[in-house]
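# have a look at this fold, sequence not included:
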DNA sequence: TTCATTAGTTCGGAATTTATGAACTATTGC
DNA sequence: GCAATAGTTCATAAATTCCGAACTAATGAA
């Protein structure tokens, strides 16, 4: 097995970072890792496993996040420990990570709101249908 | 010819914005359009035409930027007038556009520096080779 | 040690996306 | 009308991404 690649943040073009975070599964994973304040983490993917994302795909996603300099992965025995490298990126591209994660959270919030509304609408329809 | 699509910013997921800006040609175009303060613009692409980017490809790039809600395109006679929709995006995702454009500029600056260095190195090599 | 289990990677081909030349549309000016 | 210009669309070639199957590497139990 090849060793994991962790590029110097200086060598990562912004496009690579944006590309890494332009996938819904990857932003979700990344926001999750950043969210738990760079501390513990067994693998942010257990709750994604349910969503039927095959592990080979997840492995690729983690690789892309790693090679965009976004996360650091360390083998801990049989499993992987992933931590965010936000401090390093902050140094090179100030504000980038926090605004993106923030935007992602805004989106999650508005999705949740929309879902609630559509439930209400469905309920209203159900009432009208009686 | 189909009419141009300009989605409501509310309907654009962050991923679409990040994806649109994860291409070197597109960030360059977009940074350029944002750069000229949402005012004039004939088409930010004249200087890219030199770089041998075919016009069908450029057309696609503009389409992707438009459909990510990043720019507004208006036909003005035979040509296109493109303006940034940064104010609308700022409202929904505060700071997102400015930090990304900023990061892009930081990268351009460091690339310019690296290029200068490598010129100096080449010059040094040339001297040593005499 | 050997076997089984768990976590993750790698490989290869299918599915999807992107790039681009050629043909087309729409507008302007002659 | 015709020619020129700016941009779009279409079809297909090229590049990416997805994902199942096979593999590796570490752990624990027998």
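Nice, thanks for sending it over. Computed from a prediction, not measured in an experiment: that's the story for all the values here.

# okay, CA-based contacts and neighbour counts for the rest of this
Fine.

# now do the buried residues in the helix or strand hosting residue A:65.
Per DSSP states H and E, residue A:65 falls inside helix A:55-67. Buried positions in helix A:55-67, judged by neighbour count with 16 or more other CA atoms under 10 Å in any protein chain shown: A:58, A:61, A:62, A:63, A:64, A:65, A:66, A:67.

# so the fifth one touches residue A:20, yeah?
Yes: contact between residue A:64 and residue A:20 holds when scored by CA atoms under 8 Å: they sit 6.1 Å apart.

# quick one: secondary structure of the closest residue to residue A:61 other than its chain neighbours?
Nearest residue to residue A:61, sequence neighbours excluded (CA to CA, 6 or more residues apart in numbering or on different chains): residue A:26, at 6.2 Å. What DSSP: H, G, I helix; E, B strand; the rest coil gives for residue A:26 is helix.

# ok, residue A:26 - contacts?
A:20, A:61, A:62, A:65 (CA atoms under 8 Å, 6 or more residues apart in numbering or on different chains).

# related to what we said a few turns ago, which strands or helices does the helix holding residue A:65 pack on?
Here helix A:55-67 touches helix A:14-20, helix A:24-35, strand A:71-76, going by 3 or more CA pairs under 8 Å, 6 or more residues apart in numbering or on different chains; DSSP states H and E.

# any idea which of those is most buried?
helix A:14-20 (a mean of 23; mean count of other CA atoms under 10 Å in any protein chain shown).

# check the average confidence over it, would you?
Mean per-residue pLDDT for helix A:14-20: 98.

# now do stretch A:100-114
Here the average pLDDT along stretch A:100-114 is 92.

# check the offset of that stretch from the chain's centre.
13 Å (CA atoms, centre = their mean, to the nearest Å).

# and the contacts of that stretch?
Contacts of stretch A:100-114 (CA under 8 Å, 6+ apart): A:27, A:31, B:13, B:14, B:93, B:94, B:96.

# quick one on the thing from earlier: the helix holding residue A:65 versus strand A:71-76: what angle between them?
Orientation check (axes from the mean of the first three to the mean of the last three CA atoms, to 10 degrees): helix A:55-67 against strand A:71-76 gives 120 degrees.

# any part of helix A:55-67 near DNA strand D?
Yes: judged by CA under 7 Å from any atom of the strand, helix A:55-67 and DNA strand D are in contact via A:55, A:56, A:57, A:60, A:61.
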